[in-house]
Structure formats: C-alpha cells, structure tokens
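In: quick one, structure for this:
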Amino acid sequence: MHQKDWENQNLTSINKEPYRAWSVPFDSKEDALTGENELSPFFKLLNGVWKFAYFHAPGAVPENFFRESFDCGEWDDLMVPSNWQMNGYGHPHYTNQIYPFPVNPPFVPSENPTGCYIREFTIPDAWKNRRLLLKFDGVDSFYYVWINGQLAGMSKGSRNASEFDITDIARIGVNRIAVQVLQWSDGSYLEDQDMWWLSGIFRNVSISAAPKLDIYDIFAIAKLDSSGQNGHLDVEAEIINSGTRPGNELTLEAELFDQSGKAVVKKTLTSVAARIGKGQCTKLHLSAIVKKVAAWTAETPTLYRLLLTLKSKNKVIEYKSLNVGFRTVEIKNGNLLVNGIPVMFRGVNRHEFDTELGRAITYDAMEADLRLLKQHNFNAIRTCHYPDAPAFYDLCDELGFYVLSEADLETHGFGYDEGKNPTMWPDWEKPCVDRMKAMIESYKNHASVVIWSLGNESGYGVNHRKMAEYTRSRDLSRPIHYERDTTAETADMVSRMYIPAIGNDINKQWLPDCAELVRQNCREKPFILCEYAHAMGNGPGGLEDYWQTFFKHREMQGGFIWEFCDHGIRTRDDHEREYFAYGGDFGDEPNDGNFVADGLVFSDKTPSPGMIEAKKVYAPVRCEAKNLKKGILTVANHYDFLTLEHLNVTWSVNENGRPIQSGSIVPLNISARSVGDVTVPYVLPSNPKSGAEYFLDLTFSLGRDTPWARAGHEVAWAQFALPVRAPARMNIVKRHLPPVDMNEDHRSFFFRSNETLITISKVTGLITSWTRDGLPLLERGPRLNIFRAPTDNDSGRANGHTKDWINAYYHAMQHSIELVEYDEDQKAIRVITRVAPPVRQIGIRCEYLYTFQANGGFTLEIKGAPHGAMPFFPRLGVQMFIPQCMDHAMWFGLGPGESYLDSREAQRVGFFKAGIESLYTPYAYPQEDGNRSEVRRAAFYNSHMAGFAVRGLDTNFNFSMHRFTPEAAWKARHPHEIEYSDNICLNLDWKQSGIGSCSCGEPLPPSYRILAEPFAFGFCFCPFRPGAMNNTSFFTMM
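Out: So this is what the prediction gives:
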C-alpha cells in the first residue's frame, strides 16, 4: 500500500529550502538600513484575498484544481492569512492534551478536512535572472503548493517557516499559485499544544527575488567581553551561487550602525572569496571589536544595525541588514547570567491568539500584546509551545523581552510512560530534530532569545537528546530548557510546573515547595518555573508567596505565569447576545471546556484582576517602612541593570482616602539590585480626626516616554499605614430621636423609629422589610451564607475543593428555626437556628442577635458552632437582598478592584465609589467575583443617594453585590446565561477563603482557608436620606 505523504513522519518536506535566518535583498543601502521589507523592489507579500474551497477529505478535491486551466470563479473568497474555522468552514475544536482524532501514529482520519487556495500574482520584469523564493511563515498542518500547475513542494511543521525555489516554474508576468492544506497529518501528533485546533494558511506568504550570488544565511553573534564594556561581533555569512556560472572575486563587507545611524565600526570589515562554483556555497566570516558598546538587556534594549554588502569585482550585488544586540548569556555557579547578572524572569507564557482571527494574529495586535505586558512589568515570554511569527521576535528585540523560544513540539496526549511517546521512538527522530533545527536557524540572530526549549510536555526520550545535540552543534551562545527532563540530564537548568510556593501536607499527600525542590535538584543549575500561578478565571492567588520564595533563594530566577490570554472566540447566540466561546460551544467533542480560558487578560485583551495583581508583584521597585515617624523608607531596586533615576517619585498623605499633604522626591540614584534609604518629607498630623486612618502613598512613574508607555505611566507604588493615634470615634446619640417602638402580631415583630420600619418574621427569623420614609432598603435577610460560586481554581483538575463543597451540599443549606424571641432587657431579637445541608450529618448551630437603634438602624451579631466533619468554608458571612435601584456602592477599604485573601497586593486602602456593573468581573465561565476586602465601612444607595451604610463590629469585612445569586452564577456556563434575580444580592462576609491556583496546580494552602470552627462576627447598619451622605458624613454616620 502506498504511504501517504501526510502519514509519513520521516518525510518532513519535498523541495524545501534549507532553514535559515531569512532576510530580504535590497538594491539600496539606505532602504536596507530601514529594515522595512516592503521598501525592497525584490519582495512581495501574497497576503490578501484568495479563492478558497473546503472539502471533507483530500479525496474530494478536484484532481486538476492546481492546474492553470481550472476554473475557480465559483469558489469563495477568503482572506490570507486566516484560519478557515474562524471563517465558517468546519468548526474550532479545543482540547488540552487529548487528541481529537483516533491515536494511531502516523495515521490520521481519512475524513480529513482539506482547504484549497488559489490566487494569481505578478512577477515584474526586474526579477528576471534572479532566484525566486516562495515563503510560507505558517500553515497548519500539512500542505502542497503548485506554481502554474507544477509542484513546488510540500511541508509540515505548522509553526515553522518553509521556503521553496520556484525560479524554474514561475515566469515574468502573471502566475497562478495553488495550495492544498490538510487539517490532520502525522505532524499533528507533535502539535498537541493546549489550544484550539485551527487550520489553514495563518501567517504571511511572500516571494523574494534574490540575485544568483546571494547572502543566503547570516549568523551574527554579538557578545560582550569580560569587562562588559566592549562588544565582540562575529558574523558568519553563507554565500550561495544558484547561477550557471562561477562567481569570482566576491567580497563581503560589513558595517555597524547605532540607533542614530552613526557608524560605530570605523573600518569596513571585509571578507573575500576567490571563487564560488555554480550550485555551490561558501561561508565567509567577519569579526570586530566594538568599543564602549551599549549592551542589550530587556531593560535597555539597545540595538545596532548590521549592514552586509556583497560585491563581485567591486560591483554591488545586494545589501542585507539585520538588528543585533550585544549581550552574553551563560550559566555560572548555578545561575543563568545575562551580561554577568543573574536576571529574574518576570515571565508569562503566551500563545498566539486573537478572539476573532484565531492564530492569524496581526502585527498591530502582536505589538499591542507586548506593550501591554511591558506596561504590567513583564520582562520575559515563553513562546508556548512553538515558535511565534517572525515579527514577534523583532518586537521583543526592540521593546525588551527575554524570550524562551520553544520548539513546535508537544505530545501530551501520549503520556510520559517509558516507550509510549513519539519522542522516545527512534523512527520519530527526524521530525523532532527538524522542528528544533527550523526554530534555531530562523531565530538565531535575535538578541531577545536567551533560551532554547526542546518543546513541552512530551515525555523525555532519545529524540530530545538528539535535539539538544543539534542545538549545541549549532549554537553554544544560549542554554537549553526542557521541563520534562526533570533531573536536567540534557537541559542546562532545572524547570518545573505548578510547584507550590508554600509546602503542603494536605490529604496526606506531600507536595514539596519550590525551596525543597531546589535543595533536591539544583546541582549548580538555575531553577526556573516554566509554568506557575495558573491564571484561569478568578486568580491566580498566592503570586506574592512565590516571589517571596524566589527572593530568598539564589538559584531561583523567577518563572512564567500560565498564561497571557483567554482563548475565547467572540460569538453571538440566537438572541444576538455576545459571549466568548470555549471548548464544547461549537459541538466539538471531545473537548476540555473552558480550560482554554486561562489567561491574565480576557479574550478581548482587557486586563483581568489577575493581570493587575501580577503588575504589582512584578514591580521592579519595592518599599519597606524603616521609621515612619521620621518618614524614612527603605527602597529596593529590583531592576537587574537600571538605576531608579528614570522614575519620578511622588507621594501623598491621605486621611480616610483624602490627600492632605503631597509632594515629590528627586529621582533616586539607587543602583540595580540594591537598596537605599529615602526620606519622605511629610509631617505626621498633630491633631488627627476622631476615628480617622492615615496612609502614606508613593508612586514611581516613568519620567520620559518609552517605546511601550508614555511619561507618567505608573510602574510601581507602595502604601503604608502611618503611626498616627487618632482618638476613637464616639457614637453620638441624637437626643431628639424618639426611642424605638416595638410591637408584634402572630407573624412578625415590628420596630419603628425615625421614620423607619423594620419587620422580622417569627417564622424565618429574617428581616422581611426595612423601609425609610417608605423607601425599601432591604427585601430579605441578612442570613448566614458559606457558599460561593466555585471559581475555576476552586474546582481544579486534580486538587480542587468544589467537589468537597458540593458533596457537603454547601449550595443547598437549609435553615431550621429553633427560636425567635424578643429580649426585653436588651431590646433585641434573638434567633437560634440550625444551618445544615440535606443528606449529611453536619451543620452549624447559629445564633443571631438583632439590636435596634433610634436612628432607624440596627446591629447584627452572629455566633456559630460547626459540628461534624465539614470541609473548609468558601466564605463566611451573611447574604441579603436589596432593591434593584440600590445599585451603587461607596466604601473605605481595599480597592478599587476586587481582592481576596491571597490576591490583594494590587489594591490599596482608599475611599472608592462604583456602580454595580463595575463591581462585576465577567470571567468567561461564571464564578465568584467582585469581592472587596479589608472594608472598614460601606454604603449602598440609589440614584438619589438614599440607602444605608454598614460597618463591621470590631473587624474589617468583605462585600460583593450582583444582580444574581452565587447559585445562579454556578449554574451558568457563560455570563450571558446567568439568570438575574428580582433583587440585588449583597454579600457581607466576615471572611473569604483565598483563590489559589488549583485549576492546574497545587491545593489552596491551609493558611488561606476558613476552617469549620466556632465563629463570631457582626455588622452595624444605618439608613440615610437623600443628601445626607457625602464624603464627610460617610465616616461619621456610625
């Protein structure tokens, strides 16, 4: 039986050119120095509208579709680059690690969706007698290409570029190109990369016209000498002769220019080749010492422009140019050093994704992603789990990122058992090594690339060792990473995923933390977390814990958060309601659901609360109080190379969130990786207000524009509670208020005072009505509540807690009233109830004590005693329902964004106001959201500023408010499917358990759990009329 090309792993291509660092030939020195390919007369993009037809299998494709005579006029129009599933052909399919087709390598289904593309293009007269090279930057997953009816070639390896020499089959004038793309191939077994399976020509297509004598490949290594002051440039250029005559008296010249266009090498470098025979190639070498070079780092991404000129008999044949950055990467004494410094990787994993275009991401979108990351203090990116588009590497060079560039290889669906994975099979060596070779040769000249990775989650086998052998034979200037090489036998560093920052002993399963793993595994090799802090849904929690651990251990050099972006596809339902679709929403079976929505930014690239938290934790400046009475702070500069002189420092002293003093400090000359003391010239308030809190706020912002942010952009901030002894606030009883009047009937108790009526049911023990001047303030409640809509991290994949909560029926707690009585002595209502779930012999014996105030308000004290083996509580507080019109909040506490016990570094104490819509976070999968923590007092009111205020009794509290219940959020799959309530659901929580990172990681540490233990807490409620509430009365009302 004839073996199909797409089911033969050892046939990686047909007629494909050797991999290289691709470059465009120019006929002008000035144009070449710009680096803008479109200025070259020898370059043409074939992006745009192509004719397209979709077939269910390769056998359904018309036999002669690639011939020039074929009529494709009735075919559809399709934009290239694109993924055809994003344009209505077939459907997107998401899996994390399972394969969506029968696993029988190298074979794939005969029902193999196939897309055929046709377009015409013109070769100008000026390209006559030149070598024509057709380049595809990315095609998923297998394709043939024809020019004018003749086969140009075939390729696999979806995220690697392929080039074909079409000189002999193209012609001057109009040409036809036809491409046949198959969705599945043997290569698909190596591309199981936790993302949507999307197909087609999804990156640029181009043609370049090279001279017959051409600088085909360039390898420029730009390092620093031992002093770090001077650069050493070593250039290897491969010259190829594709003509019919020998090339004689060839000269290669090199010039180096700085960013101002000034030549920095005084003498033109020259290398000479006496003769290159036809069809042959030779390598020429150039080297130079560059004095007082400006080094490249992620903080100082200084680039130089290298211009190469090829001449024959002193006549210019072509110009080529590229950016180079002078930097040295090495491993010494257990650290990965960049320019001699053990840098910290404030990293993120980044898939290529656009909510409307799939993986056909545009240059502008790519640039916006990287700017956003820089603005949030990221300095490193792992290209998960394949090489990105070529422009990505250019942008990382320019904007400043350390790139861990990963080969297009993942075989997760096979598992890791010995002998069970293609990476362990010798007959799969060729495609594995081919993918590594493609990446290295393509991106070897980029200063941003500081680590090569052998792939992801593909077991560890002989083929990885072969990949590493090739890497070291070609490039010794960068170390090698591979996480599944757990003992770092082949890799140059120890790498792990989802290891706890804090060691746990939960359910008798020991999970060693980062520090323990360093002690066990680091044999003078760096330790890096290639994935950690899984950012799925509400999270990640515990990010600061990781960084406190990193700072304590020399070998630890940071890590890469999983991941940058949710991969929701923008979709509309039958009612035209927009939402972001995930696995299963397109009928794709099997699937891994919303596991594809696991990013720090939402699918539309809006930063999530997790992204805001990461910015604070990743901030390169940290402050500690040394002597707040004297205004002395210790400032730590966590930049690896920069001083703090480029940052403006401003400060303010705030009284209950209102600034009362402010100023600025001269830029700080604190060296990189150093600390220094700073005196802030504030004066402690000498006559503090009763009950007021005073905070010092510092802001570090850019003093000048950068390529990624404007001057004034906030880089870091710090806040300190000042040591001011404010007198305690006295509750003033207004003597003109009448006493509280109580009466009752057989169903209810009624309490009247100050035009306020509170009704408590004798049946339920709940307040069933609270009105002021006839305006409803409360519809029902407050009632003890321990349930929250489980977060993705609560649910987890192996270590989640949701199953324990659901098994304990926390979502279905029943309240059995034992006593509702009026206490004449205390002028209070006492309610005793048992709060317990069905089925289980567990519960909470609970006592409520309502005390009513002459101002129309009341206090609520709650005591509880859990019994039975209850799992820890998601939350502990009360739930109440208020009218829909009471949809605004103000509070004094952490804000302005949501915060939780283990995810609140990015929020500061202040006075904030917000409407209910902005108190909601639209996670792709509905879950607990919007919590505000460390709240001293809050108020909830309508558009006329009438409502009620709340403060905690003897403690701070949490609140969240939504137009739906936690149970309604839990039952919905998408935000637009949540069933709204008739009233606003207001949760006032004494405590909330932490968020954690358990969606793909460690269990929530015990320190962030609310244990089922006896408890006591309470709240004070006070109504207010329109006009009575303002920024001053808010702090004096209760």
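In: quick one: the helices in the stretch 1-150 of the chain?
Out: Remark: helices assigned in the stretch 1-150 of the chain by DSSP state H, counting those that start in this stretch are 29-34.
In: and the stretch 501-650 of the chain, by the same measure?
Out: With DSSP H, counting those that start in this stretch as the criterion, the stretch 501-650 of the chain has helices spanning 514-521, 543-552, 609-617.
In: again with the stretch 351-500 of the chain
Out: So, for the stretch 351-500 of the chain - with DSSP H, counting those that start in this stretch - the helices run 363-375, 390-399, 429-443, 462-474.
In: residues in contact with the residue positioned nearest the centre of the chain?
Out: Nearest to the mean C-alpha position of the chain, by C-alpha atoms, centre = their mean, lies Phe564 at 1.7 Å. By C-beta atoms under 8 Å, 6 or more residues apart in numbering, Phe564 lies in contact with 348-351, 369, 373, 599-601. Where you see a C-beta, it was placed from the backbone N, CA and C, and this is true even at glycine.
In: now do Gly897
Out: Contacts of Gly897 by C-beta under 8 Å, 6+ apart are 609, 612, 906-907.
In: please apply the same query to Glu330.
Out: 336-337, 479.
In: equivalent analysis for Ala491, please.
Out: For Ala491, the contact set (C-beta under 8 Å, 6+ apart) comprises 454, 468, 479-482, 485, 525.
In: just send the contacts of Glu330 back as a markdown table, with neighbour count, distance to Ser405 and pLDDT too.
Out: Shown next, in a markdown table, are the contacts of Glu330 (neighbours: other C-beta atoms under 10 Å; distance: C-beta to C-beta, whole Å; pLDDT from 0 to 100):
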| residue | neighbour count | distance to Ser405 | pLDDT |
| --- | --- | --- | --- |
| Leu336 | 25 | 15 | 97 |
| Leu337 | 16 | 18 | 98 |
| Pro479 | 21 | 12 | 98 |
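In: sorry, back to before: in space, what's closest to the residue nearest to the centre of the chain - neighbours in sequence excluded?
Out: Nearest non-adjacent residue to Phe564, counting by C-beta to C-beta, 6 or more residues apart in numbering: Arg350, 4.2 Å away.
In: please name the bridge partners of that neighbour.
Out: Thr383 (DSSP bridges).
In: quick check: it vs Met556, distance?
Out: Going from Arg350 to Met556 by C-beta to C-beta, to the nearest Å gives 22 Å.
In: isn't the residue nearest to Phe564 up against Asp369?
Out: Yes. Counting by C-beta atoms under 8 Å, Asp369 is a contact partner of Arg350 at 7.1 Å.
In: need the residues touching each of the two.
Out: Common contact partners of Arg350 and Asp369 (C-beta under 8 Å, 6+ apart): 564-565.
In: out of these two, which sits in the busier spot?
Out: Between Arg350 and Asp369, counted using other C-beta atoms under 10 Å, the more crowded position is Arg350 (26 against 22).
In: for the stretch 701-850 of the chain, which segments count as helices?
Out: Ranges of helices within the stretch 701-850 of the chain are 792-795, 802-807, based on DSSP H, counting those that start in this stretch.
In: list the contacts for Leu894?
Out: Going by C-beta under 8 Å, 6+ apart, Leu894 touches 904, 907-909, 932-935.
In: mind putting the residues you listed into TSV with secondary structure and distance to Phe257?
Out: Below are the contacts of Leu894 laid out as TSV (DSSP: H, G, I helix; E, B strand; the rest coil; distance: C-beta to C-beta, whole Å):
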residue	secondary structure	distance to Phe257
Arg904	coil	49
Gln907	coil	47
Arg908	strand	46
Val909	strand	51
Arg932	strand	54
Ser933	strand	54
Glu934	strand	54
Val935	strand	58
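In: now Met880: how far from Phe1021?
Out: Distance from Met880 to Phe1021, counting by C-beta to C-beta: 10 Å.
In: between those two, who's got more neighbours?
Out: Between Met880 and Phe1021, counting by other C-beta under 10 Å, Met880 is the more crowded of the two (27 against 24).
In: any idea which element that one lies in?
Out: Element membership of Met880 [criterion: DSSP states H and E] is strand 875-882.
In: buried ones in that strand?
Out: Residues of strand 875-882 classed as buried: 875-882 (neighbour count, 16 or more other C-beta atoms under 10 Å).
In: name the next helix or strand downstream of it, please.
Out: Counting by DSSP H and E, the next helix or strand C-terminal to strand 875-882 is strand 888-895.
In: that next one pairs with which strands?
Out: Applying DSSP bridges to the sheet, strand 888-895 is found paired with strand 908-915 (antiparallel), strand 937-941 (antiparallel).
In: can I get the first one in CSV, CA atoms only?
Out: What follows is the C-alpha trace of strand 908-915 in CSV, where atoms were taken according to Å, rounded to 0.1, in the frame of the first residue of the first chain:
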residue,chain,number,x,y,z
ARG,A,908,-4.7,49.9,48.2
VAL,A,909,-6.7,51.3,51.1
GLY,A,910,-8.8,54.3,50.0
PHE,A,911,-12.3,55.8,49.6
PHE,A,912,-14.0,54.4,46.4
LYS,A,913,-17.3,54.6,44.6
ALA,A,914,-18.7,52.3,41.9
GLY,A,915,-21.8,51.2,40.2
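In: quick one: low-confidence parts of the protein?
Out: 1, 273-274, 503-515, 517-523, 729-737, 798 (pLDDT under 70).
In: quick check: Met86 vs Arg119, distance?
Out: Counting by C-beta to C-beta, the gap between Met86 and Arg119 amounts to 19 Å.
In: the buried residues of strand 875-882: which two are farthest apart?
Out: Between any two of the buried residues of strand 875-882, the greatest separation by C-beta to C-beta is 20.4 Å, found for Leu876 and Ile882.
In: OK, contacts around the nearest residue to Met870 once chain neighbours are set aside?
Out: Among residues not flanking Met870 along the chain, Ala1012 sits closest, at 3.7 Å (C-beta to C-beta, 6+ apart). Counting by C-beta under 8 Å, 6+ apart, Ala1012 touches 866, 870-873.
In: related to what we said a few turns ago, now, which of the contacts of Gly897 sits nearest Lys827?
Out: When these are compared for distance to Lys827 (C-beta to C-beta), Gln907 wins out at 38.7 Å.
In: setting aside sequence neighbours, what's the nearest residue to the closest one?
Out: Closest residue to Gln907 apart from its sequence neighbours, by C-beta to C-beta, 6+ apart: Leu894 at 4.0 Å.
In: try Pro723
Out: Using C-beta to C-beta, 6+ apart, the nearest residue to Pro723 is Leu628, at 5.3 Å.
In: ok, the one you found - how many residues close by?
Out: Leu628 is flanked by 17 other residues according to other C-beta under 10 Å.
In: and the gap between Glu410 and Ala619?
Out: As for Glu410, its distance to Ala619 is 33 Å (criterion: C-beta to C-beta).
In: how about Met439?
Out: With distances taken as C-beta to C-beta, Met439 is found 32 Å from Ala619.
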